[in-house]
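1. model this:
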Amino acid sequence: MKFGLQLGYWMAQPPRNAGELVVAAEKAGFDAVFAAESWGSDAFGPLTWWGSSTERVRLGTSVVQMSARTPAATAMHALTLDHLSGGRAILGLGVSGPQVVEGWYGQPFAKPLQRTREYVGIIRRILAREAPVTSDGPHYPLPYTGPGATGLGKPLKPIVHPLRADLPIWLGAEGPKNMALTAEIADGWLAIYYAPRLANMYNDWLDEGFARVGARRSREDFEIAASCQVVITDDPGAELERMRWIMALYIGGMGAPELNFHAQVYRRMGYEREVDEIGRLFQAGKKAEAAAVVPDELILDTAIIGDEGHVREQLKVWEAAGVTMMLVSVPDIEQLHRLAPLVDQ
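-> Numbers count the residues shown, from 1 in each chain. Sure thing, here's the model as predicted:
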């Protein structure tokens, strides 16, 4: 099982130590470095800037939001990063949620599965560069002929010859239909809040996609990269308290009360009562009370916290469940160095 460093997205200011973490991760044997975006920093810029100090690690987006860019614009970013890095780019895509898509990007959220299929298909045709790219839509028609069109639109193919026509595309997916689609059309799954005890359920959803006619991959050559808080500590209780606040935010506040994909994930895990209570308290502004409702088991279903021996044993559990890469976040060089011996188990 490989390790990837998850830089995430920036908070109020850029992180001061990200550059040294990226270099240290490569030296420690990490396979990849990923950057994310929400509604602040973008994902491609940090990879290009900090990735320029590396030579080996793959550089991935986890994830770029499809509504932020047209398929052609995303393909341009990806092929540029792939050339600059010598063929190390991974394009991770996700639909985000309606609050961000409609509130920040001003785009409709409807039919996310259909949009994903269309979006990925256009990017693959651009990277293949076999012919000028056209698309019948309905979400991303090329050329555009709708309201306001001049009628002068012309099918094009990229001026730059992509370094790799098969640049890997991984999808962030949380629900059964999206996961089946991911297994059908993508090269990997970016899993958030992965719980090894539910591996059979995930595999059923993925197998539905692998079995579809024209599926791009099989289980043997498909990557599963799971974001996981892996913390080596002699005081797991303190780390659990810190993460209670984070889980309350994502379950109770990262999405509309009536449509929060993160909350849905934990409902599927069997935490319906806790999720409802966390959401009720968080939406009422009672964040401390919401955090207090988060049980240890909910956190430990999707995180690894403990001394080095415990972490080693749990990594084996995740690998046995089918995870091919652990995407870990670290606050500083010290924690990265504590994880480094676990990379080459």
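2. got the contact list for the residue most central in space within the chain?
-> With distances taken as Cα atoms, centre = their mean, residue 62 lies nearest the centre of the chain, 3.5 Å away. Contacts for residue 62 (Cβ atoms under 8 Å, 6 or more residues apart in numbering) come out as 6, 34, 35, 36, 43, 92, 170, 172, 190, 225, 227, 327. C-beta here means a position set from N, CA and C on the backbone, and glycine is covered the same way.
3. possible to save those as TSV with neighbour count?
-> What follows is those, written out as TSV (neighbours: other Cβ atoms under 10 Å):
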residue	neighbour count
6	21
34	28
35	30
36	24
43	27
92	24
170	27
172	25
190	31
225	28
227	23
327	26
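4. go through the residues you listed and say which is closest to residue 77.
-> residue 43 (8.8 Å; Cβ to Cβ).
5. thought the closest one was touching residue 69?
-> No: between residue 43 and residue 69 there is no contact under Cβ atoms under 8 Å: 10.5 Å.
6. what sits against residue 142?
-> Contacts of residue 142 were listed using Cβ under 8 Å, 6+ apart, and they are 72, 122, 133, 134, 135, 153, 155.
7. farthest pair within those residues?
-> 122 and 153 (14.5 Å).
8. neighbour count: these two, which is higher?
-> Neighbour count, other Cβ atoms under 10 Å: between residue 122 and residue 153, residue 122 has more, with 21 against 13.
9. so the more buried one sits in a strand?
-> No: counting by DSSP: H, G, I helix; E, B strand; the rest coil, residue 122 is not part of a strand but helix.
10. quick check: nearest residue in space to it, chain neighbours excluded?
-> Distances taken as Cβ to Cβ, 6 or more residues apart in numbering put residue 71 closest to residue 122, at 3.8 Å, once the chain neighbours are dropped.
11. residue contacts, that neighbour?
-> Contacts for residue 71 (Cβ under 8 Å, 6+ apart) come out as 118, 119, 120, 122, 123, 126, 140.
12. mind checking how far the first one is from residue 125?
-> Counting by Cβ to Cβ, to the nearest Å, the gap between residue 118 and residue 125 amounts to 11 Å.
13. and the contacts of residue 142, which of them are buried?
-> Buried by 16 or more other Cβ atoms under 10 Å: 72, 122, 133, 135, out of the contacts of residue 142.
14. show me which of the residues you listed is closest to residue 263.
-> Of all the buried ones among the contacts of residue 142, residue 263 sits closest to residue 122, with 31.4 Å by Cβ to Cβ.
15. count of residues packed around residue 332?
-> 11.
16. number of residues surrounding the nearest residue to it once chain neighbours are set aside?
-> Counting by Cβ to Cβ, 6+ apart, residue 17 is the residue found nearest to residue 332 once chain neighbours are left out, at 6.4 Å. By other Cβ under 10 Å, 13 other residues sit near residue 17.
17. same question, residue 284
-> 11.
18. tell me the phi and psi of it?
-> Backbone torsions of residue 284, given as degrees, to the nearest 10, read phi -90, psi 0.
19. how much space between it and residue 142?
-> Relative to residue 142, and taking Cβ to Cβ, residue 284 is found at 46 Å.
20. is the residue nearest to residue 332 in contact with residue 333, as I believe?
-> Yes: here residue 17 lies in contact with residue 333, judged by Cβ under 8 Å, at a distance of 7.0 Å.
21. for the residue nearest to residue 82 when sequence neighbours are not counted, give the beta-bridge partners.
-> Residue nearest to residue 82 in three dimensions, not counting chain neighbours: residue 89, with 4.0 Å by Cβ to Cβ, 6+ apart. Per DSSP bridges, the residues bridged to residue 89 are residue 59.
22. okay, now residue 89: neighbour count?
-> That count, for residue 89 with other Cβ under 10 Å as the rule, works out to 27.
23. contact partners for it?
-> Contacts for residue 89 (Cβ under 8 Å, 6+ apart) come out as 47, 58, 59, 60, 78, 81, 82, 167.
24. any chance of the residues you listed in a markdown table, plus distance to residue 185, pLDDT and neighbour count?
-> Shown next, in a markdown table, are the contacts of residue 89 (distance: Cβ to Cβ, whole Å; pLDDT from 0 to 100; neighbours: other Cβ atoms under 10 Å):
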| residue | distance to residue 185 | pLDDT | neighbour count |
| --- | --- | --- | --- |
| 47 | 23 | 98 | 27 |
| 58 | 20 | 98 | 21 |
| 59 | 22 | 98 | 25 |
| 60 | 17 | 98 | 31 |
| 78 | 16 | 98 | 25 |
| 81 | 21 | 98 | 23 |
| 82 | 19 | 98 | 21 |
| 167 | 14 | 98 | 21 |
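25. can I get those in CSV including distance to residue 30?
-> Output for the contacts of residue 89, formatted as CSV (distance: Cβ to Cβ, whole Å):
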residue, distance to residue 30
47, 14
58, 9
59, 11
60, 12
78, 21
81, 18
82, 19
167, 20
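26. and for stretch 4-24, what are the contacting residues?
-> With contact meaning Cβ under 8 Å, 6+ apart, stretch 4-24 is reached by 25, 30-38, 40-41, 43, 46, 49-51, 53-54, 57-58, 60, 62, 225, 227, 325-330, 332-333, 336-337.
27. now do the SS call for the closest residue to residue 98 other than its chain neighbours.
-> Residue nearest to residue 98 in three dimensions, not counting chain neighbours: residue 109, with 4.0 Å by Cβ to Cβ, 6+ apart. At residue 109, secondary structure determined by three-state DSSP is coil.
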